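**Q** give me a 3D structure for the following:
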Amino acid sequence: MSVEHASMRIIDAYARGDTDIAADEVWALEAHLETCRVCRDRLSAAVAAQVPAVAALVGTVWSDLGPLAAATPVPRRRRRSAWLSRWMTPTMVPWLAMVVSVTLLALLLDLAGTGSGDVSLVLLLAPVLPVLGVAASWSRGLDPAYELTASVPRAGLYLVLRRTASVLAVLVPALLVGGWVTGVTAAQWLLPCLAFTSTTLALGGVIGVTRAAVALVAVWAAVIVAPTLAAGRTAFALRTGGLPVWGLVLTLGIGVLIARRGAYSVLGAHE
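**A** The predicted model follows:
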């Protein structure tokens, strides 16, 4: 593969259906073809030249399906659902609704003054709430189409980051409102939130996203939540003095994620 286009050697071999092409070359070519019209045209020409029977069959199918496709308009709802499916799965919706509900419940408890001492439940839960959504967005047990998802060329880190972005796009505004109402500064929860999310993805490439999320939530509950509620005061990890540590955790998580970005191209990352 060159920087801009695929080599004709790989395109010709792919058109012939050769079985001796390396798996990583096939994956890279298919991913490249999605965004490069020039290489798609070159592949079409290679198929017509080297396997004319296949080209003739495809042409016959398209000649029959073309008029039907042109005469059938795509409903607006279907277009919208197709756009949403690029960013999230149907199983993510109830999980996101649950996480937003937990955020609102924590906000109501803070406003009602039923928390423990001066501890804000919104601040206490904000770092780990997105982790639940991320686990639901890339979980083998929750995604009925996980084999298909993991096998497409654009699967892997690209799709993981898309789904993670969709989770944060829903939760961050809710947490911003909750923090503003309760007087918690955004930096206090946003940096730990991003640090936990990046760490979940970094560990997910090693042990699976679901296992990483469960492990991090359990550690947070045992090390931060329980002692904070027992003492009735905000732990150092959630004060402004602990922000540099969270910045370091975020940097390390991003570094590990980049270094192991290929781990999300295998099925184990769904577990």
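**Q** least confident secondary structure element in the protein?
**A** Among the helical and strand segments of the chain, the one scoring lowest on mean pLDDT, DSSP states H and E is helix 76-85, with a mean of 50.
**Q** what's the single longest helix in this structure?
**A** Here the longest helix in the chain is taken by residue count, with DSSP state H as the criterion, and it is helix 157-182.
**Q** CA atoms only: put the helix or strand that that one is followed by into PDB for me.
**A** Tracing the chain past helix 157-182, the next element assigned as helix or strand by DSSP states H and E is helix 186-207. Once side chains and other backbone atoms are set aside, the C-alpha atoms of helix 186-207 remain, and they are given as PDB (Å, rounded to 0.1, in the frame of the first residue of the first chain):
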ATOM      1  CA  ALA A 186     -16.300  21.400  35.300                       C
ATOM      2  CA  ALA A 187     -12.600  20.700  35.700                       C
ATOM      3  CA  GLN A 188     -13.200  18.700  38.900                       C
ATOM      4  CA  TRP A 189     -15.300  16.100  37.100                       C
ATOM      5  CA  LEU A 190     -14.400  16.500  33.500                       C
ATOM      6  CA  LEU A 191     -10.700  15.600  33.700                       C
ATOM      7  CA  PRO A 192     -11.400  12.500  35.900                       C
ATOM      8  CA  CYS A 193     -14.200  11.600  33.500                       C
ATOM      9  CA  LEU A 194     -12.000  11.800  30.400                       C
ATOM     10  CA  ALA A 195      -9.100  10.000  32.300                       C
ATOM     11  CA  PHE A 196     -11.400   7.100  33.300                       C
ATOM     12  CA  THR A 197     -12.700   6.800  29.700                       C
ATOM     13  CA  SER A 198      -9.300   6.700  28.100                       C
ATOM     14  CA  THR A 199      -8.100   4.200  30.700                       C
ATOM     15  CA  THR A 200     -11.100   2.000  30.000                       C
ATOM     16  CA  LEU A 201     -10.300   2.000  26.300                       C
ATOM     17  CA  ALA A 202      -6.600   1.400  27.000                       C
ATOM     18  CA  LEU A 203      -7.300  -1.600  29.200                       C
ATOM     19  CA  GLY A 204     -10.000  -2.700  26.900                       C
ATOM     20  CA  GLY A 205      -7.400  -3.500  24.200                       C
ATOM     21  CA  VAL A 206      -5.800  -5.900  26.700                       C
ATOM     22  CA  ILE A 207      -8.600  -7.500  28.700                       C
END
